[in-house]
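In: Whatever this is, show me its structure:
(chains A and B)
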Amino acid sequence: MLPADSAPSADLLAVEDLTVEFRSADGDVRVVDGVSLRVGEGETLAVLGESGSGKSVSSLAVLGLLPRPAGRVVGGSIRFRGTELTAVDERVLRELRGERMAMIFQDPQTALNPVMTVGAQIGEAARRRRGLSRRAAREKAIEMMRLVRIPDAERRVDDYPHQFSGGMRQRVVIAMALALDPELVIADEPTTALDVTVQQQIMSLLGELQRSRGVGLVLISHDLGVVAGAADRVVVMYAGRVVESGPLRPVYDRPAHPYTVGLMRSVPETDGAEPLVPIPGSPPSPGRLPDGCAFHPRCAMATDRCRVEVPVLRPVEDGRASACHYAEEVQRDGVPAAG
Amino acid sequence: MTGSPQPAEVPLLEVDDLRTAFPIRSGILHRRTGEVQAVAGVSLEVGPGETLGLVGESGCGKSTLARTLVGLVPASGGSVRFDGRDVLGLRGAQRRAFRRDVQMIFQDPFASLNPRMTVGELVTEAWEVHPGLVAPGDREAELYRLLNQVGLDPGAAGRYPHQFSGGQRQRISIARALAVRPRLLVCDEAVSALDVSIQGQILNLLTRLQAELGVSYLFISHDLAVIRHISDRVAVMYLGRIVESGTRAQVFGNPSHPYTQALLSAAPVVKPWEHEGRVVLPLEGDLPSPADPPSGCRFRTRCPIATARCAEEEPELVVHGDHETACHFAGNAAQVLQGAG
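Out: Numbers count the residues shown, from 1 in each chain, chains lettered A, B, ... in the order given. Prediction:
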């Protein structure tokens, strides 16, 4: 069942068969269903998916940040450096979260406290966890601001978030996330709210810091280009499940799932005027998944088998996995364009 | 597919030196202490059946430009001509006619659709304001024809916006806009909030509608790939001004303003390994405040090839080579940048 992943080094994070449900007026809704993924030290794993795919919920579950009491992990295991996170109590989780795992959210505006100086926010964790004095924490904040290349750090350390541009605010958030030298960083759409030129700056900064500090990075994104520029391996999610995973380039060059093929054909490129062949229809809402393969109503290759039998994620070739009954054919021949 | 180097002979929309200023007020008396020129002298044209892509980053004034064009925000200078007629001062029936001819599609279809109205009511609402458009006896048939045209099934008519996904809602907005048979659609980030697989559907829909109806688009987006996909001609905006404009092939194939070059180089590509030798030209710093734009060239504070001249003299948008660029060094910017990068 597990994809034969080829993480470059020891697993930092190993998620197996994770299942998350949300309570709703219509009963329990399964939003993440049997997701497995692993991240090695110093590795960047991208989780690629559209809204409702379960990509953000999976990462919140890893960090124990599911909104309570609506969301809960109902099955599977999350191991961080061998520690089973689904079994530890909130206190341990909170400690891990601050010290060894960190999260970067899409919108720096909401991640920052508007009435605290950025310096105080960056230094706060170090004060609380490392017992740094106020002065030492301020020095630490300046050091971190320099690291993320916020110009004029000594002066700007006492500024408030609203005095920074969107791109600079996201740098502040990155500085906060890295302040305690975490081993794992989860970045959820870290550049989606930013302009192209700023996005480029932030992604190259993230990549640089990730490499130089040996951080394992989980990059959650809907953007094929952003993922391509950063990831070693990619996991493609659809309707709460992993539909394909593997090393970045083989997955992009020869996708083994029709959904991945569809995504590649949906996006316009800046340097090509190829006609777009978007995936027809819309993704299903969680809780109202079609029978069989959740993608079958939008798939040009769907057969009767797809309408009844849920395909399992299975190995296809060197370190890759696909949850399509016809993965080998997709890989070999591609997918006919839907009419 | 590539537009002619010059727009069609009689432009549908002609914008000349358009300016939009917002007052800055401060103090307890709320006194006017200055102004922000969000649109600082923009000229552009859109021909019949043509798509002009307007690309720029947040804060460049592209949305304000769109809102000024359609009359949602008052202009502080310049002119807008539609079909040869000045429209900024229009009143009464003529203004209503113009407001019918030019429709706008917004980024967030949810915010622009009244949640208490059914899709049928939303699409047909404007026929109450323009009763001559569709005879009452034909309205039902026309509604279903419009829904079909944008790819919605007839059952959609009785449902409410919240019952639809983002992509379907954008189809509803498009049907609603088309109901008054506009000649120009101003699309402001119309596909930016949509999922990748849905974005492609809406782009294809817009392309098909243009072929069927001959409608013109002013397509505003921050997304270069989307702009490249849909536009015949392209205008690049920075801090309230157009810095480069030309056909799609000219602007994307031979960008000659340093800002356009930086923008293009920063856009992520899906398969970077197929673009060996791609150089990213980093753009340092942030967008200056439009309340206090730099002297001379507005881009000079972030430009890798700026000289003293750029601080003194504002470059005009004039033809360098085969298309218009507002840069003193447009001719040789590419080489200079390559040296710098």
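In: okay, now B:L218: neighbour count?
Out: Applying other C-beta atoms under 10 Å in any protein chain shown, we find 28 other residues in the vicinity of B:L218. Bear in mind the C-beta positions are built from the backbone N, C-alpha and C, glycine included.
In: Okay, and the residue of the stretch 51-200 of chain B found nearest chain A sits in which element?
Out: Using C-beta to the nearest C-beta, the single residue of the stretch 51-200 of chain B nearest to chain A is B:G200, 2.9 Å away. In this structure, B:G200 sits in helix B:196-213 according to DSSP states H and E.
In: can I get the CA coordinates of that helix in CSV?
Out: What follows is helix B:196-213 as a C-alpha-only set of coordinates in CSV (Å, rounded to 0.1, in the frame of the first residue of the first chain):
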residue,chain,number,x,y,z
VAL,B,196,-6.2,25.6,-11.8
SER,B,197,-8.5,23.1,-13.5
ILE,B,198,-11.4,25.6,-13.4
GLN,B,199,-9.3,28.6,-14.6
GLY,B,200,-8.6,26.9,-17.9
GLN,B,201,-12.3,26.3,-18.4
ILE,B,202,-13.2,29.9,-17.9
LEU,B,203,-10.4,31.1,-20.2
ASN,B,204,-11.6,28.7,-22.9
LEU,B,205,-15.2,29.9,-22.4
LEU,B,206,-14.1,33.6,-22.8
THR,B,207,-12.1,32.7,-25.9
ARG,B,208,-15.1,30.9,-27.4
LEU,B,209,-17.5,33.7,-26.5
GLN,B,210,-15.3,36.2,-28.2
ALA,B,211,-15.2,34.1,-31.4
GLU,B,212,-19.0,33.7,-31.3
LEU,B,213,-20.0,37.3,-30.3
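In: Run a quick neighbour tally on A:V88.
Out: With other C-beta under 10 Å as criterion, A:V88 counts 16.
In: Surely it is within a helix?
Out: No: counting by DSSP: H, G, I helix; E, B strand; the rest coil, A:V88 is not found in a helix; it is coil.
In: Does the closest residue in space to it that isn't next to it in sequence belong to a helix, a strand or coil?
Out: Spatial nearest neighbour of A:V88, excluding adjacent residues (C-beta to C-beta, 6 or more residues apart in numbering or on different chains): A:L96 at 7.9 Å. Applying three-state DSSP to A:L96 yields a three-state assignment of helix.
In: re the thing from before, which residues sit in contact with the residue of the stretch 51-200 of chain B closest to chain A?
Out: B:G200 is in contact with A:R265, A:S266, A:V267, A:P268, A:L276, A:V277, A:P278, A:I279, counting by C-beta atoms under 8 Å, 6 or more residues apart in numbering or on different chains.
In: again, but for B:N204
Out: Taking C-beta under 8 Å, 6+ apart, one finds A:L276, A:P278 in contact with B:N204.
In: mind redoing it with 6 Å?
Out: With contacts defined as C-beta atoms under 6 Å, 6 or more residues apart in numbering or on different chains, B:N204 is in contact with A:L276.
In: before we move on, the earlier item: any idea of the pLDDT on the residue nearest to A:V88?
Out: pLDDT, A:L96: 90.
In: what residues does stretch B:234-250 touch?
Out: By C-beta under 6 Å, 6+ apart, stretch B:234-250 touches B:2-3, B:37-40, B:42, B:44, B:53-56, B:60-62, B:231, B:233, B:251, B:257, B:259-260, B:290, B:293, B:298-299, B:317, B:322-326.
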